[in-house]
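Novice: Got a sequence here, can you build the structure:
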Amino acid sequence: MTARHALLVKRCRKYAGLLLLLAAFSAAAETAGERRWIITMTWLPQAQFAGVYYAKEAGIFEKYGLSVEIRHKTAELSIIDYLTQKRSEFIVAPLATALLARSEKVPLVNIGQVSQSGAVMLVTAGKNGIRKAEDLKKPDAAGKPRRFGIWSVDFGMAPLAFLRKQGVAGEIVPLNTDIALFLWGAVDVISVMEYNEYYQILASGRQPAELTVFRLRDYGIDVPEDGVYTLESTAAEYPGVCLALRRAVMEGWREAVKHPKKALEYVWKYCARDNGRFDPAHQYWMLTVYGKLLGLGTPQAGVLSPAAYDAAVKLFRRSGLIAGSVDYRQFCPNLAETSGGRP
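Specialist: The predicted structure follows:
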């Protein structure tokens with residue numbers, strides 16, 4: 001064999017190896033594209049998830065090469081269980097829930113941040129004599145400690161952090177999402193979401209002028225809420241899919257906010273599919289209020305900022321609500337870098 005032939009053979013082997021490598025990448029990409037991905041919402045069907053519904057029904061997921069099935073959490077499992085038990089590759093969950101799970105060694109990561117601000121409020125009736133935050137420390141008319149209806153476990157982390165920051169030491173009454181205890185007077189103060197339970201209180205006949213409202217973000221507690229999460233292993237194996245999912249979800253939200261009538265049609269469809277209740281006025285309120293939390297016109301849209309992450313971690317650690325945390329980049333991997341910026 002001449003030197004020229006030897007060089008040619010060497011080059012052929014080199015290019016053959018490259019072709020095999022490219023074929024392997026192509027096969028992997030094709031497999032990822034054909035696979036059905038499950039994303040589970042943290043609650044029942046409602047306009048809080050309108051952007052995800054829009055991405056599915058308007059073909060946005062397909063535009064990004066994704067086959068996606070949308071599910072909703074049941075009462076039997078926590079939203080984190082859907083990841084750890086491999087029931088779902090992706091979940092939509094509040095940042096507080098994710099930080100608590102991560103502090104308990106669940107290897108989840110944030111691959112997209114839907115909400116950039118918090119909507120948690122504490123509400124009380126004006127007749128209770130509570131007008132400002134300092135009044136929360138005072139006993140009621142009978143001299144007894146105030147009763148605070150606070151969501152159980154992770155959903156109550158922000159309200160509890162607020163109360164501890166204010167030095168309030170009242171009686172904590174665990175809540176689900178029902179406002180009945182407040183309407184009956186069984187609790188003096190109740191935790192609500194501005195886009196959800198606050199509307200229910202108003203719809204019950206209470207007037208805004210009759211209520212005293214504490215928006216936690218006005219007191220330096222502005223914890224972003226819903227983000228999209230997956231396991232570290234999924235993000236490492238399919239960074240392109242994760243990046244595409246984030247882009248599709250945020251595009252779905254931009255369209256949902258831009259076309260609220262169509263978005264509510266999709267919300268109604270999922271309520272009907274999963275036997276959920278659909279109140280058009282309530283869902284329109286929810287879509288409008290929640291849409292303002294997303295920062296869609298900002299460069300930060302879709303991404304959890306290091307500042308927001310650090311502030312939430314410090315708040316919850318200082319309040320004794322989480323025991324530990326991980327580095328920001330471990331919690332929010334750079335998907336564009338690991339996937340080459342391609343879906």
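Novice: which residues of the stretch 101-250 of the chain score low on pLDDT?
Specialist: Low-confidence segments of the stretch 101-250 of the chain (pLDDT under 70): 153.
Novice: Got phi/psi on the residue nearest the centre of the chain?
Specialist: With distances taken as CA atoms, centre = their mean, the residue of the chain nearest its centroid is Asp226 (1.5 Å). Per-residue torsions, Asp226: phi -60, psi 130 (degrees, to the nearest 10).
Novice: Can you name the residues bridging to it?
Specialist: For Asp226, the beta-bridge assignment (DSSP bridges) gives partners Pro94.
Novice: Which residue ranges of the stretch 101-250 of the chain form helices?
Specialist: In chain order, the stretch 101-250 of the chain shows helices spanning 157-165, 180-183, 197-203, 232-237, 239-258, with DSSP state H, counting those that start in this stretch as the criterion.
Novice: And this structure, split by domain according to the record?
Specialist: 31-117+223-338, 120-219 (automatic domain parsing).
Novice: how distant is the first one from the center of its chain?
Specialist: The reference is to domain 31-117+223-338. Domain 31-117+223-338 has its C-alpha centroid displaced from the chain centroid by 5 Å (CA atoms, centre = their mean, to the nearest Å).
Novice: for the shortest one, same thing?
Specialist: Averaged C-alpha coordinates place domain 120-219 at 23 Å from its chain's average position (CA atoms, centre = their mean).
Novice: do stretch 208-224 as well
Specialist: What separates the centre of stretch 208-224 from the centre of its chain is 20 Å, taken as CA atoms, centre = their mean.
Novice: Could you pull out the buried residues of it?
Specialist: 211-212, 214-217, 221-224 (16 or more other CB atoms under 10 Å). Bear in mind the C-beta positions are built from the backbone N, C-alpha and C, glycine included.
Novice: Tell me how far the closest residue to Glu210 other than its chain neighbours lies from Gly185.
Specialist: Excluding the flanking residues, the one nearest Glu210 by CB to CB, 6 or more residues apart in numbering is Gly126, at 5.4 Å. Between Gly126 and Gly185 the computed distance is 13 Å (CB to CB, to the nearest Å).
Novice: got TSV for the helices of the stretch 101-250 of the chain, with distance to Gly295 too?
Specialist: As requested, the helices of the stretch 101-250 of the chain are arranged in TSV below (distance: least, CB to CB, whole Å):
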stretch	distance to Gly295
helix 157-165	18
helix 180-183	30
helix 197-203	21
helix 232-237	23
helix 239-258	10
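Novice: Of those helices, which is nearest Thr298?
Specialist: For the helices of the stretch 101-250 of the chain, the distance to Thr298 is smallest for helix 239-258, at 11.5 Å, taking CB to CB.
Novice: Can you tell me what sits against the next helix or strand after that closest one?
Specialist: Later in the chain than helix 239-258, the nearest helix or strand by DSSP states H and E is helix 260-273. Residues outside helix 260-273 that contact it (CB atoms under 8 Å, 6 or more residues apart in numbering) are 45-47, 49-51, 53-54, 56-58, 70, 72, 255-257, 276-278, 280, 283-284, 287-288.
Novice: are any of those residues buried, and which?
Specialist: With neighbours counted by 16+ other CB under 10 Å, the contacts of helix 260-273 contain buried members at 45-47, 49-51, 53-54, 56-58, 70, 72, 255-257, 278, 283-284, 287.
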